[in-house]
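> Below is the sequence, then the predicted model.
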Amino acid sequence: MMMPDKYSVRKEVRERLQLISKDDRLRKSQAIFETLEQSDDFRNARHVLLYWALPDEVMTHPLVQKWALYKTVYLPVMVGDDLQIRQYHLDDDLRPDARFGVGEPTNGFVPDDELIDLVVVPGRAFDGKGNRLGRGKGYYDRLLARLVNARKIGICFKEQLYDSIPVDDHDVLMDRVISS
Ligand SMILES: Nc1nc2c(c(=O)[nH]1)N(C=O)[C@@H](CNc1ccc(C(=O)N[C@@H](CCC(=O)O)C(=O)O)cc1)CN2
Ligand SMILES: Nc1ncnc2c1ncn2[C@@H]1O[C@H](COP(=O)(O)OP(=O)(O)OP(=O)(O)O)[C@@H](O)[C@H]1O
């Protein structure tokens, strides 16, 4: 069977995501959070790297705001080609980054990479082996390679699950993928 290229999968995913209504996105996102919050990985984690969702991603804003009360929550910040990790505080005004509009904390503490014990990873597509396809800039591939003590959980809508997706040597496997 021919393996589709990364570009084709990203395009197909973008089209599929456009068909999910806002209500469904919210409902599915809540179901994903329930599964995530009940997992041992999440319950045992104290330093958690989450992400601030873009419009067509699993809506993480309520998750970030809720868990900032009980755990140390961090968000990624783009610095050149790399992602810096910064602590998020509940009263933070996140600043949209200039290129993609991702909300980023501006003054939180920057921890050592080894401190992160759980990372919740966005993706355009995942497969059953835990392979992840991102937005094609390699930000998360390079970040995940640094987070040696972190469990890695991908979250996505079912529309983003594939039997197999094209991978490269540098792609880092997820420990688990949660979808709805
Ligand atoms: N919410 C969220 N935060 C994130 C990511 C992400 O995927 N989602 N990233 C994950 O790496 C990093 C930011 N990298 C990004 C890379 C591309 C695009 C983006 O919108 N790309 C357009 C294509 C535009 C272009 O190629 O110039 C797209 O995907 O349609 C967004 C964020 C770190 N923070
Ligand atoms: N660990 C790494 N070290 C150096 N370069 C890397 C590493 N990981 C990825 N890259 C480079 O980043 C580019 C994009 O990789 P890829 O298409 O796998 O990104 P992605 O996982 O889809 O995107 P993202 O991680 O931003 O969501 C490639 O050119 C790749 O060579």
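Received the coordinates, thanks. Ligands and ions are numbered 1, 2, ... in the order given.
> contacts and neighbour counts: CA atoms only from here.
OK.
> Mind listing what's buried along stretch 12-27?
By neighbour count on 16 or more other C-alpha atoms under 10 Å, the buried set for stretch 12-27 is 13, 17, 25.
> so how far is the first residue of that stretch from its last?
Using C-alpha to C-alpha, to the nearest Å, the span of stretch 12-27 from its first residue to its last is 22 Å.
> That one near ligand 2 anywhere?
No: Stretch 12-27 does not reach ligand 2 (C-alpha under 6 Å from any ligand atom); its nearest approach is 12.7 Å.
> Which stretches in the protein count as helices?
Counting by DSSP state H, one finds helices in the chain at the ranges 6-18, 22-38, 40-44, 61-67, 139-146.
> With respect to residue 126, which of the ones you listed lies nearest?
helix 6-18 (10.5 Å; C-alpha to C-alpha).
> contact partners of that closest one?
56, 124, 125, 133, 135, 159, 160, 165, 166 (C-alpha atoms under 8 Å, 6 or more residues apart in numbering).
> Pretty sure the last one sits against residue 5.
Yes: Residue 166 lies in contact with residue 5 (C-alpha atoms under 8 Å); the separation is 6.3 Å.
> Between these two, tell me which one has more neighbours.
For residue 166 versus residue 5, neighbours defined as other C-alpha atoms under 10 Å are more numerous around residue 166 (15 against 11).
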